[in-house]
Structure formats: C-alpha cells, structure tokens
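Enquirer: structure of the sequence below:
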Amino acid sequence: MNDSMQTEAGPASTKSKKLLIVGGTVAALVAGGAGLQWWKAQTGTAAEDPGKTAVKQTAAAGTATAQPKREAAAKVTINGRSISIPLDEVFRECAMRVGNDVIESVVNRAVIQLACEQQGVQITESEVEQEIVRIAKQFGIPTESWVEMLRTERNISPEQYKRDVIWPMLALKKLAGEKAEITEKDMQKAFVRHYGARVKCRMIMLDSMRRANEVFHKAELKPDDFPRLAREYSVDPTSRAMEGSVPPIARYSGNPDIEEAAFRLKEGEISGIIHIGLNRYVILRSEGFTEQKVKDVNEVRDVLYKDLVEEKVQESVAKLFENLKKGARIDNYWTNTTSGDVRQVSGTKPADGERSAVKTAAGERPTSEATGKTGPFSPTGSTAGSTRGPANPISQPKPSAASAPKK
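Expert: Okay, here's the model as predicted:
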C-alpha cells in the first residue's frame, strides 16, 4: 500500500515540486525587480512632485515602475495641470549665467591665499572688521549704512564683501608692504591735480578720422554750434546727452594729450583732432578756467600725503597681484583654459578631487565637506548664497550719489 501510495503520489509530488520551484523563481524575480526599483529610486533624482514617487506603466509587462526622484525648486499649476522645475536645472542655469565671474573671484582668492601661506601672512577677523569701519568712515557713512548700501544697491552680501573685497585687499597690502616713499615732486603734482585750476570745456568724441574731420570743419565754421554738433555726432553717450559737457579737466589726472590740448586753449577756442586710442578721436572747445581756491600746498600737505600713500600702496598692490597671477599656473576646468606659468606641472587633466568643484558648480548641491568652508573669512570658502560682486580684488565699491552724505 505504501508502494502503491508512493507510486501514485510520485508524479503529483514531482509536479508540486516543479510548481514550487517555478513559484519560488517568480517570487524571487518579482522581489528582485521590486528591490531594483527601490534601489533606483533611492539613488536617483527627484520626482516631479516633491515627496511623491511617479508611477508609470511599462509597455512590456504593464507593471508599475517607480521613477527616479528629482528635488523641485518650484512648481507651476494652471487648471489642474502642473510643471515642476527641478532644482538641479536651476543650479545648472545659474552656473551658466554667472559661473565665469564666480570662478574668477575664487581663483583670485586662491592665488592670494597661496602667496600668504608661503610668506606666513594671516588676516584676523578683527582686522577685517576694522577695515570695514575705516572705509565707511572714509566715505562719511555709518558702518551699518555702508554695509546695507552694498547689499541693496550693489548686490554684495556682507559675507561676500568681507571675503571677496576686504580680505584680498588686506592680504595684498601685507604682502606688498604698506610703506611708500613720497617725494616733493609727487606732492606738487598731487597739489596741482587736486587743487589747481581746471579747464571747463565741451567734448565731441568720434569713432573714425573721416567723421572727426567732417565734424571739426563744421565746428570751425560755426563754433557756437558745438553743443548741437556734440548732441548729433558724439559717440560718447554721457557727454552727448549733455551737449558735450564734461567735468573740468585737471593736469596729471588722465590722458596727457587731452590735458595738454585743453590747457593751450583760450576761452571759446576749438582744439584740433586728438587721437586718444583705437578708433577714438576727440575735439574740445574751451569755456574758460575754474578758480583755484587753495594757493599754498602746505595748507593741505597732510591730506595730500595720506592720499599719496594710499595711491602708492594701491599701485604696488596691483603690480604684486599681476605678478602673482603670472607666476601661478591656473588650470581653469570651468572655461577649459590654462594661464600663468604653464611650466610648473605637466598636463592639465584634473584629479577626481579637483573636478568636484566643477561638478558642484554644474548643478550638484554642495555638502559641508564639498564647500571647504573653514571659517567666516576663509578666502577659498563657499560663495553659496552670495550674488555677483567684484571679481577683481583690487577694486573697491564706492557709494552712489544717493548714499553719499550731503555736505
């Protein structure tokens, strides 16, 4: 009986085992497919609607498949239909619009930081704060108002101002040395430039010698038509709008050819054509001289000395920064360019770690490790949250006419 039962049960048992194996295989495939879908969803980018997983029917099996998540920056809905704007696309768009300015600023700070590390130069938080106070006082504006003006009118955040403007300038001053030799000749030139008589005049700027000759002959025939000619022909939009009127011209203040021509003119006279640069020609008409109010250099010697020291330091700082950039090899993977001393190392292919900054700029959200932020005034720290500002560390923002104190 047992044999009989075993014989009868044999095929059924075998069939059951096959079904069990097939059923187990299907279950494993389903479980594996579900696991794979879960893994993809975990490692992907955000779904259209944040916090929800988009489900889509596959054409082959008709099974539900979870789409990768993409974090959204915004969502627009009209009449029940919506479009989600992915955050990574916003990052990418921002990088394309302002990436060149941002990378230039960061590269400049890195060049200065390396020079500081080599010479053991450090800038303290106290020095940064004191410099901001000094600059605000120089413009006659309370420190709080100065910082607020930079934020509202220049789109420069306090953190960006400290990092992109104040820190580089202080560092370069320490590297260059803040001592300057002022000669008596320097003092006399500065006195004439700031306190000497100036030429009041009108100017017409042209972009070709042919046009300059044409306008010059018209002005020579009818000198009183000079304002009209400036309004009609000048290529300089600022002076053209004011019928050729320009600020009084001082000696030692700009283009020596223009200065020389202006000071030779008598009131009402018209200069010849002055070539001042590529495709730029100028014609002047004198309207007399300003009155010189300060006659003795000793009355303003202390003020002039401070101004001259600042000018000399700025000149040495600019020259130092130019030399630092020339002596550094800069492999800019953002713009695919190499500049400076290209003999320092061979090849320009970045290591994985070097590429991380480019990946972040291209759209990936930076982590605390990726930003490299080591302190509030770290020169190579993150610029996240800041807006466009001065990339040149030598430049210094100045108050607008509306923000300047009334005298």
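Enquirer: what about the longest strand in this protein?
Expert: Looking across the chain with DSSP state E, the single longest strand is strand 280-289.
Enquirer: any buried residues in that strand, and which?
Expert: For strand 280-289, the buried set under the neighbour-count rule, 16 or more other CB atoms under 10 Å, comprises Tyr281, Val282, Ile283, Leu284, Arg285, Ser286, Phe289. C-beta: built from backbone N, CA, C; applies to glycine.
Enquirer: repeat for stretch 118-136
Expert: Neighbour counts using 16+ other CB under 10 Å place Val121, Ile123, Glu127, Val128, Glu131, Ile132, Ile135, Ala136 of stretch 118-136 among the buried residues.
Enquirer: quick check: mean pLDDT of that stretch?
Expert: Model confidence over stretch 118-136, given as mean pLDDT, is 94.
Enquirer: I figured Phe263 hits Cys201, correct?
Expert: No: with contacts counted by CB atoms under 8 Å, Phe263 stays clear of Cys201, the gap being 10.3 Å.
Enquirer: which of these two has more neighbours?
Expert: The neighbour comparison of Phe263 against Cys201 (other CB atoms under 10 Å) goes to Cys201, with 26 against 15.
Enquirer: isn't Asp307 right up against Met187?
Expert: No: with contact defined as CB under 8 Å, Asp307 does not count as touching Met187 (10.2 Å).
Enquirer: Lys326 and Gly177, how far apart?
Expert: 19 Å (CB to CB, to the nearest Å).
Enquirer: packing partners for the helix or strand where Lys173 lies?
Expert: Using DSSP states H and E, Lys173 maps to helix 167-176. Here helix 167-176 touches helix 87-119, helix 125-138, helix 301-327, going by 3 or more CB pairs under 8 Å, 6 or more residues apart in numbering; DSSP states H and E.
Enquirer: which SSE is immediately downstream of that helix?
Expert: Using DSSP H and E, the helix or strand that follows helix 167-176 towards the C-terminus is helix 184-195.
Enquirer: any low-confidence regions in the stretch 251-400 of the chain?
Expert: Residue ranges of the stretch 251-400 of the chain with pLDDT under 70: 342-396, 398-400.
Enquirer: show me where it has its helices.
Expert: For the stretch 251-400 of the chain, the helices defined by DSSP state H, counting those that start in this stretch occupy 256-264, 301-327, 352-361, 368-371.
Enquirer: any chance of these in TSV, plus distance to Ile112?
Expert: Output for the helices of the stretch 251-400 of the chain, formatted as TSV (distance: least, CB to CB, whole Å):
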stretch	distance to Ile112
helix 256-264	33
helix 301-327	7
helix 352-361	17
helix 368-371	19
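Enquirer: so which of those gets nearest Asn79?
Expert: Asn79 sits nearest to helix 352-361 of all those, at 37.2 Å, using CB to CB.
Enquirer: now do Pro248 against Arg193, distance only.
Expert: From Pro248 to Arg193 the distance is 12 Å (CB to CB).
Enquirer: neighbours of the closest residue in space to Val199 that isn't next to it in sequence, how many?
Expert: Spatial nearest neighbour of Val199, excluding adjacent residues (CB to CB, 6 or more residues apart in numbering): Ala262 at 4.1 Å. For Ala262, the neighbour count with other CB under 10 Å is 26.
Enquirer: wait, Val300 touches Phe191, no?
Expert: Yes: judged on CB under 8 Å, Val300 makes contact with Phe191 at a distance of 7.0 Å.
Enquirer: thinking again about what came up before, can you tell me which of the helices of the stretch 251-400 of the chain is nearest to Ala115?
Expert: Ala115 lies closest to helix 301-327 among these, at 5.4 Å (CB to CB).
Enquirer: between helix 167-176 and the closest one, find me the angle.
Expert: Here helix 301-327 runs at an angle of 90 degrees relative to helix 167-176 (axes from the mean of the first three to the mean of the last three CA atoms, to 10 degrees).
Enquirer: and whatever helix or strand Glu144 lives in, what does it pack onto?
Expert: Assigned by DSSP H and E, Glu144 belongs to helix 143-153. Counting contacts by 3+ CB pairs under 8 Å, 6+ apart, helix 143-153 packs against helix 125-138, helix 158-160.
Enquirer: list the buried ones in the last one?
Expert: Pointing back at helix 158-160 there. So for helix 158-160, counting by 16+ other CB under 10 Å, buried means Glu159, Gln160.
Enquirer: what helices and strands are in contact with it?
Expert: With contacts taken as 3+ CB pairs under 8 Å, 6+ apart, helix 158-160 sits against helix 143-153.
Enquirer: what's the angle between the helix it packs on and helix 125-138?
Expert: On the basis of the same axes, to 10 degrees, helix 143-153 is oriented at 80 degrees to helix 125-138.
Enquirer: export only the CA atoms of helix 143-153, formatted as CSV.
Expert: Taking Å, rounded to 0.1, in the frame of the first residue of the first chain, the C-alpha atoms of helix 143-153 are listed here in CSV:
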residue,chain,number,x,y,z
THR,A,143,29.3,101.3,9.1
GLU,A,144,25.8,99.8,9.2
SER,A,145,24.6,102.1,6.4
TRP,A,146,27.6,101.3,4.3
VAL,A,147,27.1,97.5,4.6
GLU,A,148,23.4,97.9,3.9
MET,A,149,24.1,100.1,0.8
LEU,A,150,26.4,97.4,-0.6
ARG,A,151,23.7,94.8,-0.1
THR,A,152,20.8,96.8,-1.5
GLU,A,153,22.5,98.8,-4.3
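Enquirer: looking at that helix now, give me its mean pLDDT.
Expert: Averaging pLDDT along helix 143-153 gives 94.
Enquirer: stretch 200-213 now?
Expert: In this model, stretch 200-213 has an average pLDDT of 96.
Enquirer: what is the end-to-end distance of that stretch?
Expert: 23 Å (CA to CA, to the nearest Å).
Enquirer: what does that stretch contact?
Expert: Stretch 200-213 has contacts (CB atoms under 8 Å, 6 or more residues apart in numbering) with 215, 219, 226-227, 229-230, 233-236, 239, 243-246, 248-249, 262, 265, 273, 275, 279-290.
Enquirer: same check, this time on stretch 266-286
Expert: Outside stretch 266-286, the residues that touch it by CB under 8 Å, 6+ apart are 199-209, 211-213, 215-216, 219-220, 223, 226, 244, 255, 257-258, 261-262, 264-265, 287-288.
Enquirer: good, we can wrap up now.
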